[in-house]
Structures are given as C-alpha cells and as structure tokens.
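Chemist: would you be able to build a 3D model of this:
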Amino acid sequence: MDSCKIISHTIDVNGMLCPRPLIAVKNYYEKAEIGSYFLVTSDSEVSVLNVERYLKNIGAIYEIEEDNSGLFSIFIEVGKKSLQSDISEGYLFYIASDKMGEGDSDLGKMLLKTFITQIKNLEQLPERVIFLNSAVLLLTNTIISDELKQLETKGVEIYFCGTCSEYYAVTSDITVGKVSNMLEIMEFLRKSKVVKV
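Modeler: Got it, this is the predicted structure:
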C-alpha cells in the first residue's frame, strides 16, 4: 500500500476464533469514516480468507501481505458500506455430518455420498450447499469434490466452515468451495429455505 496513506487504526485479531475476526473488521468498517485507512493483523489464513471475501463482497479496496513468520497484514481503505438484504435467496442444503441418518455408520456414509452425487439431477438446484462439523471431511473425497465442482459450474455455491476444517486439520486438503464462518453461515440460514441433511 502507498506509504503516504495514513493508517488511522489497527485491529489485532491474532489468536481470535472464528467468526470474531470478521465481526471485528465488519463492525469497525461500518463505523469508520469513508476515505480512511486501517490495518488488520492476523495469524490465521482462514480468518484472512473470511475477511477478504467480506471486503470483496462490499467492493472495498484492500491489500494483503504475509511475512516470513506466517503473519498477515490487511491494509483496508474504507469506501462503500455493506448492505444487508432480507430477500430470500432460494434454498440450501445444510450438511452437518459425514454420514446420513442415525443407523449404521458405513451405511450412513454411503447414503450421504449418493445424496451428494445426485444433487446435479434435481430439477431446481439449491443456491448453495454448506458443510459443517465432520461434514468437511467429505470434501477431501475426490469423487465428492469432483461432483461439487460440477455443481459450482452450474452456479451452486459451496461453503465449508473454516473452524471445522482447521479442527479436523483438512483445510489444505480441500480443493472445492469457499471457506466460511459462523456469522456468514447464520446469514445464509436466515435468508434461505434450509434443508438439513
């Protein structure tokens, strides 16, 4: 970022659990003076991805730098403010486990895999598919990932919980979808018809 820009505030989100970093940035951005600049420092790549998507969605100007120790700095120019919409966005599938149903675990995993591979055949596709808790483990399966990539080409948005993927240590193994956070997921659930799988 241009060195002549004066940083008016720094938000340190190091060590904060999701979605607190995003909430801190969003709250400050909404109250900050248009044309001002502020800095966010973070030690979590997932938090940075969440903040970056928020900034992209509202059309903010920003720059991200990572130093040799893995710490991130996000330089942000305050511009257009975000708008919250209450318009329904269709329906979504909310998947919160790596198996379907309460019976035999192997059967439940087989059923859920079949369910995911058949979404593309629906007459009306969902707006998005959200993966939470152990469901993020499904995204490391090549067959399921390939199916979901096909859905993305048809306009279906795929999201997974960043806290969950970090907990199960699979973030780097996931090749489909976008990392999300609880605040964003709550907004999706609030605005859509939810089908829990």
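Chemist: low-scoring pLDDT stretches of the protein, where are they?
Modeler: 1-4, 80-89 (pLDDT under 70).
Chemist: cutoff 50 now
Modeler: 3 (pLDDT under 50).
Chemist: and it, split by domain according to the record?
Modeler: Split into domains by automatic domain parsing, the chain comes to 7-77, 91-196.
Chemist: would a markdown table of those with mean neighbour count be doable?
Modeler: Where you see a C-beta, it was placed from the backbone N, CA and C, and this is true even at glycine. Below are these laid out as a markdown table (neighbours: other C-beta atoms under 10 Å):
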| stretch | mean neighbour count |
| --- | --- |
| domain 7-77 | 16 |
| domain 91-196 | 17 |
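Chemist: out of everything not next to it in sequence, what's closest to residue 127?
Modeler: Excluding the flanking residues, the one nearest residue 127 by C-beta to C-beta, 6 or more residues apart in numbering is residue 90, at 4.0 Å.
Chemist: shouldn't residue 154 be in contact with residue 122?
Modeler: No. If you go by C-beta atoms under 8 Å, residue 154 and residue 122 don't touch, sitting 10.3 Å apart.
Chemist: not counting sequence-adjacent ones, nearest residue to residue 159?
Modeler: Residue 159 sits nearest to residue 180 (C-beta to C-beta, 6+ apart), 4.1 Å away.
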